[in-house]
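Here is my input; please provide its structure:
(one chain, ligands or ions: 2)
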Amino acid sequence: MIGKLNHVAIAVPDLVAAADQYRGLGASVSAPQDLAEHGVTVVFVELPNTKIELLHPFGETSPITSFLDKNPSGGIHHLCFEVDDIKAASARIVETGARILGDGQPKIGAHGKPVIFVHPKDFQGTLIEFEQA
Ligand SMILES: CC[C@@H](C(=O)O)C(=O)SCCNC(=O)CCNC(=O)[C@H](O)C(C)(C)COP(=O)(O)OP(=O)(O)OC[C@H]1O[C@@H](n2cnc3c(N)ncnc32)[C@H](O)[C@@H]1OP(=O)(O)O
Ligand SMILES: [Co+2]
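Ligands and ions are numbered 1, 2, ... in the order given. The predicted structure is shown next:
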């Protein structure tokens, strides 16, 4: 079921400075995208084997605001793994006793694919996102 590591997400206090730092290391970095439905502005850093997703809160109800309040310098926010079938993955995750966040239904993520998030308290203290490949 679990597939490739699609991205490692880092919440940052200053998206431009973070993007420039990765650009300074020779990485190809996308332009910022405001994703109102996710409450974040996102920039992707392309790496040979995965991506870094740089996140900054967008809007008044961003789900990452309190994370940045607790981690003002920023920090690793979540990992995203690819799965072939997001519905089957959701069912398997719930069977393990873990909670799917939100209304439990997939949302369309930054890559136009269905994504779900699993509560960090149910997954070794780590926020895990699954994206349908
Ligand atoms: C770019 C689009 C998309 C993509 O396609 O890739 C995205 O990645 S969108 C990314 C932003 N969206 C989300 O993160 C949605 C899922 N997240 C949430 O619903 C919330 O962040 C949360 C996980 C429910 C936490 O919400 P919060 O308001 O911070 O609640 P608490 O402060 O009560 O936290 C509860 C508990 O969980 C710990 N926590 C919070 N965030 C994380 C984290 N990123 N990693 C690990 N642990 C986390 C927090 O410390 C609390 O623990 P205790 O204090 O011990 O209770
Ligand atoms: Co993500």
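
Thought F130 was touching I116, still the case?
Yes: the pair I116 / F130 is scored as a contact, 5.2 Å apart, by CB atoms under 8 Å. Any C-beta I mention is one placed from the backbone N, CA and C, and that applies to glycine too.

Between the two, which is the more surrounded one?
F130 (27 against 23; other CB atoms under 10 Å).

part of a strand, is that one?
Yes: under DSSP: H, G, I helix; E, B strand; the rest coil, F130 sits within a strand.

Tell me if I'm right that it and I86 touch.
Yes: in this structure, F130 is within contact of I86 by CB under 8 Å, at 6.3 Å.

Show me the common contact partners of the two, please.
V115, I116 (CB atoms under 8 Å, 6 or more residues apart in numbering).

which residues are common contacts for I116 and F130?
I86, A89, S90, I93.

Neighbour-wise, which one of those leads?
Ranking the shared contacts of I116 and F130 using other CB under 10 Å puts A89 first, with 24 neighbours.

so it, which of the three states?
Quick answer, by three-state DSSP: A89 is helix.

Report the contact partners of it.
M1, I2, V83, I116, F130.

These into CSV, with extra columns for distance to ligand 2 and pLDDT?
Shown next, in CSV, are the contacts of A89 (distance: CB to the ion, whole Å; pLDDT from 0 to 100):
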residue, distance to ligand 2, pLDDT
M1, 18, 90
I2, 15, 95
V83, 14, 98
I116, 11, 98
F130, 10, 98
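
from the residues you listed, which is closest to ligand 1?
Closest approach to ligand 1 among those (CB to the nearest ligand atom): I116, at 9.1 Å.

tell me how far the helix or strand in which that closest one is found is from the chain's mean position?
Secondary structure assigned from DSSP states H and E places I116 in strand 114-118. Distance of strand 114-118 from its chain centroid, counting by CA atoms, centre = their mean, to the nearest Å, is 9 Å.
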